[in-house]
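> next one to model:
(chains A and B)
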Protein chains: 2
Amino acid sequence: MDISTDFIRQLAHVAAAETLPRFRSQGTVDNKLAGGFDPVTEADQEAERVIRALINARFPDHGILGEEHGSENLSSRYVWIIDPIDGTRAFISGVPVWGTLVGLTVDGDAVAGLMSQPFTGELYYANASGSHYEGPGGPRKLATRKTTQLSEAILFTTTPSLFQGDMRSNYDDLERQVRLARYGTDCYAFAMLAAGNIDIVTDPGLKPYDIVALIPIIEKAGGVITTFDGRPAEQGGDILAAATPELHAAAMTSLRG
Amino acid sequence: MDISTDFIRQLAHVAAAETLPRFRSQGTVDNKLAGGFDPVTEADQEAERVIRALINARFPDHGILGEEHGSENLSSRYVWIIDPIDGTRAFISGVPVWGTLVGLTVDGDAVAGLMSQPFTGELYYANASGSHYEGPGGPRKLATRKTTQLSEAILFTTTPSLFQGDMRSNYDDLERQVRLARYGTDCYAFAMLAAGNIDIVTDPGLKPYDIVALIPIIEKAGGVITTFDGRPAEQGGDILAAATPELHAAAMTSLRG
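Numbers count the residues shown, from 1 in each chain, chains lettered A, B, ... in the order given. Predicted structure coming up:
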């Protein structure tokens, strides 16, 4: 089972038609969780709707798990995992580091995926042909950097405040060892890792729809992505991605304390 | 003294020709400060060079203060302040939230300025005609939001770790009161404030070249920007920008402890 590049572009295209006109328009945000701040926009809901429609039309027997509209037919060998807007906080703040994530699992393994950022016109995707970029500057194959030492590494996380207790002191220990740490980029950071711009991304407590689409993009670019205890990332959890196996091992040692 | 929109576009254009081809190209980073991490790229140096050349050709009597190439003729009533790449850490990480900043002061007051992000094709600028945006979605006037309550506000800062000692606890106090806090966007956050996407930006220890260009963009869009003790922001320092005078006062109360 593979997904054609054309179908990947179609998925990005239909989602962009729902997200982009609503980006930086005010007044479409409501709260998903009373008491907390987990914004969901009309864009989120509509983008997932059109992505599901496209998948259902092309692959009527496949399962779908989406952030907004729940699951269907998860007993299929083929299950699509959708986060129509990963980085909703960036979206409502006007900052174009959110993305539309669509991944495909076969028997639970992520085999293809896309991250689309329609404001910048960037598409990061992976299928059987490898891991690729399309957008400003022209198309190219993605490849991670060859960084093996923490002291040479650029580290990203959404925010350190997501690490609690011992996890936080372990994270702080990792941050002290790297060359540079940056915050606040959600899925965009994982794309930058696959593209060879940065070296490590870690985020705790991810859901499958936050990460499945990004797994093949990173792995087929040469990177390593697992949970903190080295299990496959497909089920989400505390996730660590790195440019090389050596760097992944070094970062995991810090994050496990 | 005003600066035409055409000249603002020219400044953005010549800078982009130096920065954009080097964005996401590896190997051009060296360290400005031994021991610390203050990257400066070839792009930074070349962009300032072409901006200076354009200003010198058009306004030979004006002064110029730049991050990379120092100062000239600062006794002029008219002084240009240049940061060719604000957000060099974002630049080297491949994340398009850096910007080229050029501001003009008359007798020390910022009267015109631009923030250009060439990868996204965005230009935020202010001159006598007001505060404006050009880029994806089409041109429009900039206007801040009408937010007056901290509990409704979206707050940005580059990173909380720049706040030390009492300043840090004051910052943490502010962060607890807002609706949402995000990190890591440098000049881009100030543009989002002017554009009505977010409500508060604070960064301690800024240099004049980090902020002068942004002052008229924010003020002419309806926002308020000063130091933490309410002085003009033109000399840099600990800077607070907010969407409304009421919100600025509320945030300043927290930041002053």
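> just the closest residue of the stretch 151-257 of chain A to chain B, please.
Per CB to the nearest CB, residue A:197 is where the stretch 151-257 of chain A lies closest to chain B, at 2.9 Å. Placement of C-beta: from N, CA and C, glycine included.
> wait, a helix at residue A:143?
No - under the criterion used here (DSSP: H, G, I helix; E, B strand; the rest coil), residue A:143 is coil, not part of a helix.
> phi, psi of the spatially most central residue of chain A?
With distances taken as CA atoms, centre = their mean, the residue of chain A nearest its centroid is residue A:187 (3.9 Å). In terms of degrees, to the nearest 10, the main-chain angles of residue A:187 are phi -60, psi -30.
> thought it was touching residue A:84?
No - under the criterion of CB atoms under 8 Å, residue A:187 is not in contact with residue A:84, lying 11.7 Å apart.
> any residues in contact with both of the two?
Between them, residue A:187 and residue A:84 share the neighbouring residues residue A:101, with contact defined by CB atoms under 8 Å, 6 or more residues apart in numbering or on different chains.
> break chain A into its domains for me.
Per automatic domain parsing, the structural domains of chain A span A:5-141, A:150-255.
> could I get these as CSV with mean pLDDT?
Conversion of the domains of chain A to CSV gives the following (pLDDT from 0 to 100):
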stretch, mean pLDDT
domain A:5-141, 89
domain A:150-255, 96
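> hey, which of these is tucked in deepest?
When you average the neighbours per residue for each of these (mean count of other CB atoms under 10 Å in any protein chain shown), domain A:150-255 leads with a mean of 21.
> and it, how far apart are its ends?
Using CA to CA, to the nearest Å, the gap from the first to the last residue of domain A:150-255 comes to 12 Å.
> distance from the chain centre to that domain, please.
Averaging C-alpha positions (CA atoms, centre = their mean, to the nearest Å) puts domain A:150-255 11 Å from its chain's average.
> do stretch A:145-165 as well
16 Å.
> and that stretch, how far apart are its ends?
Start and end residues of stretch A:145-165 are separated by 31 Å (CA to CA).
> same check on stretch A:97-113?
Counting by CA to CA, the length from the leading to the trailing residue of stretch A:97-113 is 17 Å.
> any residue of that stretch up close to chain B?
Yes - Stretch A:97-113 comes into contact with chain B when judged by CB under 8 Å from any CB of the partner chain, the residues involved being residue A:97.
> may I ask you to confirm that residue A:125 belongs to a strand?
Yes - the assignment for residue A:125, made by three-state DSSP, places it in a strand.
> so it makes contact with residue A:5?
Yes - the pair residue A:125 / residue A:5 is scored as a contact, 7.2 Å apart, by CB under 8 Å.
> shared neighbours, those two?
Shared between the contact lists of residue A:125 and residue A:5 (criterion: CB under 8 Å, 6+ apart) are residues residue A:132.
> mind listing what the residue lying closest to residue A:86 once chain neighbours are set aside touches?
Setting aside the residues directly before and after it, residue A:86 is nearest to residue A:187 in space (CB to CB, 6 or more residues apart in numbering or on different chains), at 4.1 Å. Listed by CB under 8 Å, 6+ apart, the contact set of residue A:187 reads A:83, A:86-87, A:97-99, A:101, A:115, A:210, A:214.
> now residue A:220
Going by CB under 8 Å, 6+ apart, the list of residues near residue A:220 reads A:126, A:130-131, A:142.
> angles on the backbone of the residue in the stretch 1-150 of chain A that chain B sits nearest to, please.
Of all residues in the stretch 1-150 of chain A, residue A:94 sits closest to chain B, with a separation of 2.9 Å (CB to the nearest CB). Reported as degrees, to the nearest 10, the phi and psi values for residue A:94 are phi 80, psi 10.
> close to chain B: what parts of chain A are there?
Proximity of chain A to chain B, by CB under 8 Å from any CB, involves residues A:24, A:26, A:37, A:89-90, A:92-97, A:119-120, A:136-137, A:145, A:154, A:156, A:159, A:179-180, A:182-185, A:188-189, A:192, A:195-198.
> what about those, which are in strands?
Within these, residues falling in strands by DSSP state E are A:154, A:156, A:180, A:182-183.
> for those residues, which one is nearest residue A:17?
residue A:156 (29.1 Å; CB to CB).
> for chain A, longest helix please?
If each helix of chain A is counted by residues according to DSSP state H, the longest one is helix A:42-58.
> so what secondary structure elements neighbour it?
Using 3 or more CB pairs under 8 Å, 6 or more residues apart in numbering or on different chains; DSSP states H and E, the elements in contact with helix A:42-58 are helix A:5-19, strand A:63-66, strand A:78-86, strand A:99-106.
> now the first one, how far from the centre of its chain.
Taking the mean of its C-alpha atoms, helix A:5-19 sits 16 Å from the chain's own mean (CA atoms, centre = their mean).
> helices or strands up against it?
helix A:42-58, strand A:78-86, strand A:99-106, strand A:109-117, strand A:122-127.
> just the last one next, same as before
When contacts are defined as 3+ CB pairs under 8 Å, 6+ apart, strand A:99-106 packs onto helix A:5-19, helix A:42-58, strand A:78-86, strand A:109-117, helix A:187-194, helix A:214-219.
> who wins for proximity to residue B:167 among the ones you listed?
Across the helices and strands packed on strand A:99-106, the minimum distance to residue B:167, taken as CB to CB, is reached by helix A:187-194, at 27.5 Å.
> then that closest one to CSV, C-alphas only?
C-alpha atoms of helix A:187-194 as CSV (Å, rounded to 0.1, in the frame of the first residue of the first chain):
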residue,chain,number,x,y,z
CYS,A,187,4.7,20.2,13.9
TYR,A,188,6.8,22.7,12.1
ALA,A,189,9.8,21.7,14.2
PHE,A,190,9.5,18.1,13.1
ALA,A,191,9.5,19.3,9.5
MET,A,192,12.6,21.4,10.1
LEU,A,193,14.3,18.3,11.6
ALA,A,194,13.5,16.2,8.5
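> identify the residues contacting the residue of the stretch 1-150 of chain A closest to chain B.
Applying CB under 8 Å, 6+ apart, we find residue A:94 in contact with A:23-24, B:192, B:195, B:197-198.
> the nearest residue to it once chain neighbours are set aside and residue B:180, how far apart?
With CB to CB, 6+ apart as the criterion, residue A:94 has its nearest non-adjacent residue at 2.9 Å, and that residue is residue B:197. As defined by CB to CB, to the nearest Å, residue B:197 lies at a distance of 12 Å from residue B:180.
> could you do residue A:213 as well?
Distance of residue A:213 to residue B:180, computed by CB to CB: 25 Å.
> quick check, residue A:209 in contact with residue A:64.
No - using CB under 8 Å as the test, residue A:209 is too far from residue A:64 to be in contact (10.6 Å).
> what is in contact with these two at once?
Jointly contacting residue A:209 and residue A:64 under the rule CB under 8 Å, 6+ apart are residue A:82.
> hang on, the earlier thing: among the domains of chain A, which comes closest to residue B:59?
Ranking the domains of chain A by their distance to residue B:59 (criterion: CB to CB) puts domain A:5-141 first, at 32.3 Å.
> distance between the ends of that closest one?
Counting by CA to CA: the opening and closing residues of domain A:5-141 are 13 Å apart.
> and that domain, how far out from the chain middle?
Here the centre of domain A:5-141 is set off from its chain's centre by 9 Å, with CA atoms, centre = their mean.
> mind listing what the residue nearest to residue A:94 touches?
Counting by CB under 8 Å, 6+ apart, residue B:197 touches A:24, A:92-95, B:145, B:154.
> tabulate those residues (a markdown table), appending distance to residue B:202.
What follows is these, written out as a markdown table (distance: CB to CB, whole Å):
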| residue | distance to residue B:202 |
| --- | --- |
| A:24 | 22 |
| A:92 | 19 |
| A:93 | 15 |
| A:94 | 17 |
| A:95 | 16 |
| B:145 | 16 |
| B:154 | 12 |
